[in-house]
Structure formats: C-alpha cells, structure tokens
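Student: just need the structure, nothing else, for what follows:
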Amino acid sequence: MAKKQQQQEASAAETQSTDSILSDILDRMPATVEKTRGRDLVETLIKGVMSKTVTWDRSLTRTVLQAIDEIDRRMSKQLSAIMHHPEFQKLEGSWRGLDYLVKNTSTGPDLHLKVLNVSKKELHRDLTRALEFDQSALWRRVYEDGFGTAGGNAFGALVGDYEFSNDNMDIELLQGVASVAATAFAPFIAAAAPGLFGLDSFTELPQIRDLATTFDDATLYAKWNSFRNSDDSRFVVLTMPRVLAREPYGSNNRRIDEFKFEEFDLAKDNRTSVEARHDQYTWMNCAYVQATQLTKAFRDTAWCTRIRGFENGGKVEDLPFHVFRTSEGDREQKCPTEILIPDTRENELSKLGFLALCSYKDTDYAVFFGAQTVQKAKKYLGDHAATENAAISARLPYIMASSRIAHYLKCIARDKIGAFTERKELEDFLKRWISAYVLDSAT
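Tutor: From the prediction side, this is the model:
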C-alpha cells in the first residue's frame, strides 16, 4: 500500500509539474495568441518532453526548433522510403521524362506532341493477337488515322518509355513495332535495358571487356541478331543509359516549402548529403532526351537531322546532377547519366546498334556522338560505295530525312490523282520535286 501511495504521489507531482510548466508558458504568450490553440500545442510539446521524445532546453525557442527538426527528420525518412520504392520511382521517372520533353519542345502549328497511355504488356498483346501488324490498334492510331488518311498529320517519330531486354517477348514486340514504324515512316525510339547485355544495372557495364564477343553468342542472341539483320530494324533506335530525372530533395539542392525535407542523410558539414545508393536516385528514360534533340533540330532547321556531335545538335545541356560527400569526406559529383562512357566503349555500342548518351565528366551536359539505329548495316564485298550507303541508311538522321520526304511524296501523289493522263507524267513531276532536295551525284 505504501508503495502504491508513493507512485500516486509521484504521478500527482509530475502532473502538477507539467501543469505548472504549461501555465508558465501560456502566461508568457502574447494576448493575441489564441489560448485554446496555444494550450493544445504547448501541451503536446510538454508531453514530448516528459516522454523524452523532445529534448528540453532552457530556451523555449530552441526546444521548439529542436522538436520541429526532429519531426522534419522523421518525415524525411518516411517520405524517402516511399519515394525510393521501385514502383514509385518508375512512375515518377516516366512523368518527369514526359515533363522534360514537353518543357523543352517548342510546339506550334507544325510541331505537335501526342501522348498514348499504353503499357508494354498491352502493346505486346495488341500486336501479337492481330493476324498481321496492319490489323492492330497501334497501326490504326499511327498509320490509318494520320499518314493513311487524306488531310491527316503523319507522325514524325514514335517515342516509347520502355526498356527492351533480350527475352523473346521483347524481341517479338520490337519486330511488331518496327513493322508499324517502317510502314508509317516514323522511327521508334526507346531504350535498351541492362538485361539486354546480361546485366542487372548499367553500372556493371565496365566489367564487360568485349561487348562484340558477348553478342556473338548464338545461344543467347540468335533472335536479337536476326532482328538486327531485318530491313525494318533501321526504324528502331535503342538509347542508353538512363538519365537523372531530378536533383535529390534537400536544403542544399532542391528545397520544398512545406518542411525541411532531406531525401538523403546529411554529411558532417550538415549541408551536403552523404553518398547514396545508385538505385535511390530517380532516373528517366534516355529516349525522352533523344526525342527532345529531334524537336530542337526541327525548331531550328525544319528537319530532324542535326542531332549528333558536340557542335551539330547532339549536345544535351542543363542536366541535373548531385554533389555529395564520400565516406572519406571528399566532394564528388553524381553525373547526369548512370555511367560515364569512354570513347572506345561508345564506338563499340554504336557498332552493336545502340545509341549512347555520353556525359562529360564533372559537367552538367552530355552528348549523343552517334546516331545509330538497331540495324546491322550490310557489307558488300568489292563494292565500297554500296557498303557506305548501307551504313548511312542505318543512321537516324538519314531515316528522319527520308521519312519526311516519303510523307510529302504520298500526300502529293494523293492530291495529284486524276491530274495526269500518263504514269510517266506523274513520275517526272515527282522526280522534279525530289530534285529540289537531293544533290546531283554528278556535281
């Protein structure tokens, strides 16, 4: 009984102490403060102090600020856990990639962007269930409703927020989309997945010494190599690697107004963040970046051919990057792309049918040096000129230029139906029109 009485007296003393502190704080408040609301807030603070979740300081202001910092820290942890979930990251990366394309494209009467919300699985189902590709819903959207209809607007390019690996389903989907793209003269631009190289992440790419040997393995890449040898594969472009979609949130990078959100833990200097895992960053599909270079080239020249090289439209500027502290305390930069690609590796990738975005070290820009489509250019023994022509025809600038001419030729021929009595008259008319855009090889 004596022990129980002592506990009750201690509890009463604690309650009395809490009430005393609470009354003391409320008495110090200005008269303009709403007493009821103020009492609730301060009572919560006192409970935090008593339960030792809030550290009491002689200064009430410092105590409150410390409590707010602790709340911000806990909210940052919870929100970061949600944002770093793979499904959330994929969704955010898609929206930010689309946002990047829209914001960096000067749309107008001659340049439109259209969005079709369709998953990779749905697209595969559509193309495989149709008896022929020209009976699919994608065909109707891309060809019949545009290029194949009088007065319709042809698509200049198709951009897919998809990554393709080496499995049969992906190759089958690429073959179907390539057929639609080739018929509509609208190249399909997407991305290569690390799985296409037998990797879990592109950060492992430097571990492969010889890429060509990897793709020579017929047991693994028979279907892929067969697709590369097809005519329609030149209407498919697979970009790589992924690009940083945004800077991490933090007081030193990307602030928000609602609270002090630190996506990554802060280093000892309490300003820069520590080194985070590669998969904690938000990445977007490189296809969006390549598509943006196409729209910029069209804005500047009315053609989509100026898209490669540092000084010829291939430079991508103002990309996000992140500066962090290493475990040794040094400052380092997370480059805008997943990995830095050396010149020799970029050349290897280009020969294998991949379009690589090469980041410049310690800068915020990267460059598309190549413009290769997936197609493996044919080689003609003893005919150097034919081999060169085949190599050129497997590059994206050539495909974009020839596709635009093809769009015009069909529209002109359609409008001229009934205007000529002989086939040769129409052929001569079209040849004269083409000659205005093609250099005479004899000059």
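Student: average pLDDT across the longest strand along the chain?
Tutor: If you go by DSSP state E, the chain has its longest strand at strand 158-164. In this model, strand 158-164 has a mean pLDDT of 97.
Student: repeat for stretch 367-381
Tutor: Mean pLDDT, computed over stretch 367-381, is 92.
Student: what does residue 237 show for phi and psi?
Tutor: Here is the backbone geometry of residue 237 (degrees, to the nearest 10): phi -120, psi 130.
Student: do you know how far it is from residue 371?
Tutor: Noted for residue 237: a distance of 8 Å to residue 371, by CB to CB, to the nearest Å. For glycine as for every other residue, the C-beta is placed from the backbone atoms N, C-alpha and C.
Student: of these two, who's got more company?
Tutor: The neighbour comparison of residue 237 against residue 371 (other CB atoms under 10 Å) goes to residue 237, with 30 against 24.
Student: that one contacts residue 368, correct?
Tutor: No - look at residue 237 against residue 368 with CB atoms under 8 Å: they stay out of range, at 10.4 Å.
Student: and residue 270, what pLDDT?
Tutor: pLDDT, residue 270: 68.
Student: what residues are up against residue 201?
Tutor: 194, 278, 279, 338 (CB atoms under 8 Å, 6 or more residues apart in numbering).
Student: show me which of these are buried.
Tutor: Buried residues within these, counting neighbours by 16 or more other CB atoms under 10 Å: 194, 338.
Student: and the contacts of residue 201, which of them are in strands?
Tutor: Using DSSP E, no member of the contacts of residue 201 sits in strands.
Student: closest one to residue 393 out of the contacts of residue 201, please.
Tutor: Nearest to residue 393 among these is residue 194, at 29.0 Å by CB to CB.
Student: joint contacts of residue 237 and residue 371?
Tutor: Shared contacts of residue 237 and residue 371, defined by CB under 8 Å, 6+ apart, are found at 355, 396.
Student: rewinding a little: other SSEs contacting the longest strand of the chain?
Tutor: Contact partners of strand 158-164 among helices and strands, from 3 or more CB pairs under 8 Å, 6 or more residues apart in numbering; DSSP states H and E: helix 86-103, helix 168-184, strand 188-192, helix 286-301.
Student: moving C-terminal of the last one, what's the next helix or strand?
Tutor: Per DSSP states H and E, the first helix or strand lying C-terminal to helix 286-301 is strand 315-316.
Student: what is the rounded mean pLDDT of that next one?
Tutor: The average pLDDT within strand 315-316 is 96.
Student: adjacent strands (with direction) for it?
Tutor: Partner strands and pairing direction for strand 315-316 (DSSP bridges) are strand 366-368 (antiparallel).
Student: contacts for the partner strand?
Tutor: If you take CB under 8 Å, 6+ apart as the criterion, strand 366-368 is touched by 243, 290, 293, 307-310, 314-316, 319, 336-337, 355-360.
Student: out of those, which are buried?
Tutor: Here, 16+ other CB under 10 Å leaves 243, 290, 293, 307-308, 314-316, 319, 336-337, 355-360 buried among these.
Student: list the buried ones in stretch 230-246?
Tutor: Buried residues in stretch 230-246, defined by neighbour count with 16+ other CB under 10 Å: 230, 232-246.
Student: for these, which one is nearest residue 204?
Tutor: Among these, residue 241 lies closest to residue 204 (CB to CB), at 11.2 Å.
Student: low pLDDT regions in the stretch 51-200 of the chain?
Tutor: Residues of the stretch 51-200 of the chain that meet the criterion pLDDT under 70 lie in 51-64, 67.
Student: what of the stretch 201-350 of the chain?
Tutor: Residue ranges of the stretch 201-350 of the chain with pLDDT under 70: 270.
Student: what ranges do the helices span in it?
Tutor: Remark: helices assigned in the stretch 201-350 of the chain by DSSP state H, counting those that start in this stretch are 211-215, 218-228, 286-301, 343-351.
Student: same list (the ones you listed) but as CSV, adding distance to residue 132.
Tutor: Listed next are the helices of the stretch 201-350 of the chain as CSV, based on distance: least, CB to CB, whole Å:
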stretch, distance to residue 132
helix 211-215, 30
helix 218-228, 18
helix 286-301, 27
helix 343-351, 33
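Student: thank you, goodbye.
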